[in-house]
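J.: sequence and computational prediction follow.
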Amino acid sequence: MTQGNFIDYSRQKTINKVFALLLVVTTVVAIWLKFSEPVNEATTIAVFIGIPLGLVLLSSLFGAGSKRAIDYKAGKWNSRKVWMSFSEYENMTEDYEDAYGVLFSHPRGTCGCCLLLPVVGTLGVAGYIYDLSLIRGLMVPLFGILWDSIFLIMIIYAIASIGSFIVGFRIPSIDASEFFKPLLSGDVYEFASELETVPNIRAGMNVEIGEREEVLTILEAESKAYVEGLPETVTIQVQVSHSGFAYPYLVGTVYKGAEVLPVHKYPSIKTKYPAMLEFSMDDDVTVIVARFDIPKRTSSVPNISKKDFRALASILAKELKKNYNEAQQ
């Protein structure tokens with residue numbers, strides 16, 4: 001996969017040039033302030049601590065602006081749907097990440113920006129102490145008092161600005177929702193992929209691939225699971241709720257299946273927690289929810305293993321097949 005001619009970086013280049021100029025000018029001004037007369041402690045603190053902290057915030061804004069300045073050229077994509085295994089999908093997403101990963105949004109970058117503030121502040125304090133030690137003759141300079149101070153300012157400013165720019169760049173996404181979608185990940189995907197190895201279940205990824213001028217992209221991707229030997233009107237869907245821990249459960253549906261009463265069943269399977277099947281009707285659809293009956297009070301945080309989850313899925317597949325066969329009689 002490649003980005004082709006659909007991504008325009010012209011506006012981004014302008015912002016990047018302005019940012020580079022800002023960094024150079026700020027560094028030169030800081031050096032001038034450091035060695036201008038009269039030299040005072042307040043100016044030195046501003047040069048080593050105040051200005052770098054300001055650069056962290058300003059550079060992160062420039063980084064975000066640089067990302068938002070990347071333009072997508074809209075156009076028509078020819079699409080086709082492909083069924084593939086989870087391993088095939090993961091191999092495809094590796095190529096997808098290589099081609100478009102730089103365009104994704106990484107919201108956790110906000111934490112990185114917050115982390116940079118104390119890091120740069122600590123570097124600034126260390127630089128201030130080192131500079132003060134040079135002036136008072138407490139330390140021997142590496143290249144001379146003048147050059148040591150200049151190099152120190154340049155290093156601190158480079159770390160503060162470039163690091164923050166990169167963090168700010170990662171946070172937003174470009175405006176190209178029709179071009180690419182965020183890749184599937186998280187608990188739902190992980191548990192859905194476990195169904196691939198469960199007997200009597202056909203699980204995989206239903207992927208819509210877009211093509212335009214020989215460039216490929218993933219337009220949509222959805223995990224799907226069916227019961228082997230039955231039509232696709234019989235489905236299995238993975239859900240995961242979070243209330244202090246990941247609680248996966250399965251929702252099986254049979255379109256125009258045999259009618260069932262709203263009852264609960266407790267099949268006997270060797271799992272850590274008792275398995276439970278909940279039967280109900282939703283108009284013409286038979287619904288069977290398979291879950292584990294977790295005690296309301298436990299001495300430790302509940303943990304549902306992948307092995308137990310697969311055993312639960314196997315029981316659900318048998319119940320769905322049974323219900324479908326009853327409806328055909």
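T.: Everything's here; your move. These figures come from a predicted structure and were not determined experimentally.

J.: roughly how far does the residue nearest to the spatial centre of the chain sit from residue 45?
T.: The residue lying closest to the centre of the chain (CA atoms, centre = their mean) is residue 106, at 5.6 Å. Relative to residue 45, residue 106 is positioned 34 Å away (CB to CB, to the nearest Å). The way it works is simple: take the backbone N, C-alpha and C, and place the C-beta from them, glycine included.

J.: rewinding a little: okay, the residue nearest to the centre of the chain: pLDDT?
T.: pLDDT for residue 106: 70.

J.: and it, helix, strand or coil?
T.: On the three-state scheme (DSSP: H, G, I helix; E, B strand; the rest coil), residue 106 is labelled coil.

J.: how many neighbours does the closest residue to it other than its chain neighbours have?
T.: Closest residue to residue 106 apart from its sequence neighbours, by CB to CB, 6 or more residues apart in numbering: residue 170 at 4.2 Å. Residue 170: 22 surrounding residues under other CB atoms under 10 Å.

J.: model confidence over the strand or helix carrying residue 280, on average?
T.: Using DSSP states H and E, residue 280 maps to strand 275-282. For strand 275-282, mean pLDDT is 93.

J.: and for stretch 163-170?
T.: pLDDT averaged over stretch 163-170 gives 88.

J.: how about stretch 317-326?
T.: Rounded mean pLDDT across stretch 317-326 is 93.

J.: and for that stretch, what's in contact with it?
T.: 198-201, 227-230, 234, 236, 252, 254, 257-258, 260, 277, 286, 288, 290 (CB atoms under 8 Å, 6 or more residues apart in numbering).

J.: now the nearest residue to residue 57 once chain neighbours are set aside: how far from residue 283?
T.: In space, residue 57 comes closest to residue 164 once its chain neighbours are excluded; the distance is 7.4 Å by CB to CB, 6+ apart. Distance of residue 164 to residue 283, given as CB to CB: 55 Å.

J.: looking at those two, which is more packed in?
T.: Taking neighbours as other CB under 10 Å, residue 164 and residue 283 compare with residue 164 leading, 25 against 6.

J.: now the angle from the helix or strand just after the strand holding residue 280 to strand 275-282?
T.: Towards the C-terminus, the helix or strand next in line after strand 275-282, according to DSSP H and E, is strand 285-292. If you take axes from the mean of the first three to the mean of the last three CA atoms, to 10 degrees, strand 285-292 sits at 160 degrees to strand 275-282.
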